[in-house]
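A.B. asks: sharing a sequence plus its predicted fold:
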Amino acid sequence: MSERERTSASNFIRNIIERDVSAGKHGGRVATRFPPEPNGYLHIGHAKSICLNFGVAEDYAGVCNLRFDDTNPHKENLEFVEAIQDDVRWLGFDWGDRVYYASDYFDKLYEFAVALIKKGKAYVCDLNAEQIREYRGTLTEVGRDSPYRDRSVAENLGLFQRMRNGEFEDGSRVLRARIDMASPNINMRDPTIYRIRHGVMHHQTGEEWCIYPMYDFTHCLSDSLEGITHSLCTLEFEDHRPLYDWFLDELEVECHPQQIEFSRLELQYTVTSKRKLTELVDEGYVEGWDDPRMPTIAGMRRRGYTPESIRDFCERIGVTKSENRIELSVLETCVRDALNRTAPRRMAVLHPIKVVIENYPEQGEERLPAANHPQDDSMGTRELAFTREIYIDREDFREQAPNKFKRLVLGGEVRLRNAYVIRCEDVIKDSHGEIIELRCSYDPETLRDNPEGRKVRGVIHWVSARYGIPAELRLYDRLFAHPTPDADGSYKAHLNPHSLLTLTQCILEPSLASARPGDFFQFEREGYFCVDADHSHDRPIFNRTATLRDSWAKEQSRQS
Ligand code: ATP
Ligand code: MG
């Protein structure tokens, strides 16, 4: 077991693996793989698969390979290859030196195809794509044999070699497995295993090949070549399993992995389809793959989600065969739980209004200690600069308010967090009646104790006007306003117009001057924030990772 404690709950896949290990199947070995296609960035759904594949390998002293499933070169590229590796590593998993590419096996796959032809189990078919579809039949109608199905082995070998040599045009011929055109499983009706693709530049093999193997053929054989024992995939491949097994049986390979399917992760208010995420990026609905609103691992990282919280989420949702959509609040709760434990507390004023403490000396200042975490002394303290002029949040002041308003009112007292009790004596307004400044007094006896016999309404946060740091805060909310954005086929119509609110006039406590990208904090009473990737000393930018509580649920129930 790795240094990370094994906390994984049992699930049906682990049960199968345990049974296989104790039965000595594959010599008791466990080997899995995570097989992304490098045609986009990884998303939260992939995280489920990563945690499962790497998690079982760790727990059963096995290995998990990272394998790029790169058989469809025109949508793939190196940017994605690199981003995928960064993301898996960031999640906390290690594939050692076992990074593989399906394209590593192109020579071997070609040999396997030749072996099938020699057995009479594959043939070159001259039907075009449309004709193949027509001949295939439907769920209720059996297919028809291709007129090319009974070509001799010698003719097939010759034609396949010529396909490879580049003698035929794209789409003019394919190599097909020769199985059963009447099979009730359409995947078994002589599926295509090689097609011709001229003029593509493959990110690994360049222009070496003009024929490319299809996914089903490639996947099972790559698994076998790598000695994979348990090939874990999502439920849509269940109907492909007979084909997976057929190839391995016909080719009499040494290692025959077992394919086991589990349900995809679907998350409320989210789409987890690379095609749709690609559209959001390409059509400019978001800033990029790492936009903090994206459900990509890169987006969640920039948003301030921690790897622990994503792994915790994958653990909590479990692995089953039943399809369901997980509530987004489950993920957000994992994030809040992790950050509540680990985020240092700081003060930041989002909508500043100036407060002048009239009985505090003009040039005076004090350094007041403040705990970095209310429950964790080991996180230490920092100093806050207290001065005559400070900022508080506009929302924390009302000229008049009922008693349940636990903040500052004209003539009332409130405690400044980690500092004194102040009283609002006067309100200064501009010519439009807008409040621009509060005139207050402070009680020097109240640094630690509340005044006796007087009522203090509550505690609010503040920042010194002299030392506070101006900053931009980006308040992110969910990207879609609908819990099932892709249910009616028009997910873009459900984009949340309020998914980003940028506040440019915020003031942060001075200790935040040393914050670096990747640092995260709880801004007290406001939420969890992290330093954005574009942050600099001259232009501080923080992203809101999460609100302190599930304000969305509250908002929804208020509206209904
Ligand atoms: P998409 O439909 O988003 O394009 P994909 O399945 O084509 O996803 P791959 O790159 O092929 O994307 O996925 C790599 C692995 O991650 C596969 O084993 C796949 O089953 C798994 N995976 C993808 N999406 C999910 C999901 N939502 N939940 C669980 N596993 C997933
Ligand atoms: Mg796929």
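C.D. replies: Here it is on my side, so go on. Ligands and ions are numbered 1, 2, ... in the order given.

A.B. asks: with adjacent residues omitted, what lies nearest to the closest residue to ligand 1 within the stretch 101-250 of the chain?
C.D. replies: Relative to ligand 1, the nearest point of the stretch 101-250 of the chain is Thr234 (3.7 Å; CB to the nearest ligand atom). Bear in mind the C-beta positions are built from the backbone N, C-alpha and C, glycine included. Using CB to CB, 6 or more residues apart in numbering and skipping the chain neighbours, the partner closest in space to Thr234 is Arg264 (4.6 Å).

A.B. asks: quick one, what contacts the residue in the chain positioned nearest to ligand 1?
C.D. replies: Residue nearest to ligand 1 within the chain (CB to the nearest ligand atom): Gly45, separated by 2.2 Å. Residues in contact with Gly45 (CB atoms under 8 Å, 6 or more residues apart in numbering) are 264-267, 272.

A.B. asks: and whatever helix or strand it lives in, how far out from the chain middle?
C.D. replies: Secondary structure from DSSP states H and E places Gly45 in helix 44-59. Relative to its chain's centre, helix 44-59 lies at 13 Å (CA atoms, centre = their mean, to the nearest Å).

A.B. asks: quick one on the thing from earlier: phi first, then psi, for the residue of the stretch 101-250 of the chain closest to ligand 1.
C.D. replies: Dihedral pair for Thr234: phi -90, psi 160, per degrees, to the nearest 10.

A.B. asks: state the distance from it to Asn53.
C.D. replies: 12 Å (CB to CB, to the nearest Å).

A.B. asks: then Glu134?
C.D. replies: In terms of CB to CB, Glu134 sits 39 Å off from Asn53.

A.B. asks: equivalent analysis for Arg275, please.
C.D. replies: Arg275 is 23 Å from Asn53, by CB to CB.

A.B. asks: so these two - more neighbours on which side?
C.D. replies: Asn53 (25 against 10; other CB atoms under 10 Å).

A.B. asks: hmm, that one is touching Arg33, no?
C.D. replies: Yes. Using CB atoms under 8 Å, Asn53 is in contact with Arg33, at 6.5 Å.

A.B. asks: any shared contact partners between the two?
C.D. replies: In contact with both Asn53 and Arg33: Cys64, using CB under 8 Å, 6+ apart.

A.B. asks: other residues contacting the helix or strand where Asp337 lies?
C.D. replies: Asp337 belongs to helix 328-342 when assigned by DSSP H and E. For helix 328-342, contacts defined as CB under 8 Å, 6+ apart pick out 44, 267-270, 304-306, 308-310, 312-313, 316-317, 376, 478, 483, 520, 522, 528, 545-546, 548, 550, 552-553.

A.B. asks: please flag which of these sit within strands.
C.D. replies: 267, 520, 522, 528, 545-546 (DSSP state E).

A.B. asks: about what we covered before: dump the contacts of Gly45 into a markdown table; add pLDDT as well.
C.D. replies: A markdown table is the format used below for those (pLDDT from 0 to 100):
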| residue | pLDDT |
| --- | --- |
| Arg264 | 97 |
| Leu265 | 97 |
| Glu266 | 96 |
| Leu267 | 97 |
| Thr272 | 95 |
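
A.B. asks: tell me how many other residues crowd Leu157.
C.D. replies: With other CB under 10 Å as criterion, Leu157 counts 15.

A.B. asks: on that earlier part again, which residues touch the residue of the stretch 101-250 of the chain closest to ligand 1?
C.D. replies: Per CB under 8 Å, 6+ apart, neighbours of Thr234: 49, 261-264.

A.B. asks: mind checking which of the residues you listed are in helices?
C.D. replies: Ser49 (DSSP state H).

A.B. asks: which of the contacts of Thr234 are buried?
C.D. replies: Buried subset of the contacts of Thr234 (neighbour count, 16 or more other CB atoms under 10 Å): 49, 261-262.

A.B. asks: tell me the secondary structure at Phe217.
C.D. replies: Of the three states, Phe217 takes helix under DSSP: H, G, I helix; E, B strand; the rest coil.

A.B. asks: can I get the CA coordinates of stretch 537-555 in CSV?
C.D. replies: Listed next in CSV are the C-alpha coordinates belonging to stretch 537-555 (Å, rounded to 0.1, in the frame of the first residue of the first chain):
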residue,chain,number,x,y,z
HIS,A,537,2.2,41.6,-7.0
ASP,A,538,1.1,44.6,-9.0
ARG,A,539,-2.2,43.1,-10.0
PRO,A,540,-3.5,40.8,-7.3
ILE,A,541,-6.3,38.5,-8.5
PHE,A,542,-8.1,36.0,-6.3
ASN,A,543,-10.7,33.4,-7.4
ARG,A,544,-13.6,32.4,-5.2
THR,A,545,-13.4,28.7,-4.9
ALA,A,546,-16.5,28.2,-2.9
THR,A,547,-18.9,30.1,-0.7
LEU,A,548,-18.8,29.3,3.0
ARG,A,549,-22.2,27.6,2.8
ASP,A,550,-24.4,26.2,0.1
SER,A,551,-25.9,29.6,-0.8
TRP,A,552,-27.3,28.2,-4.0
ALA,A,553,-29.7,25.9,-2.2
LYS,A,554,-30.9,28.8,-0.1
GLU,A,555,-31.4,30.9,-3.2
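
A.B. asks: many thanks, I have nothing further to ask.
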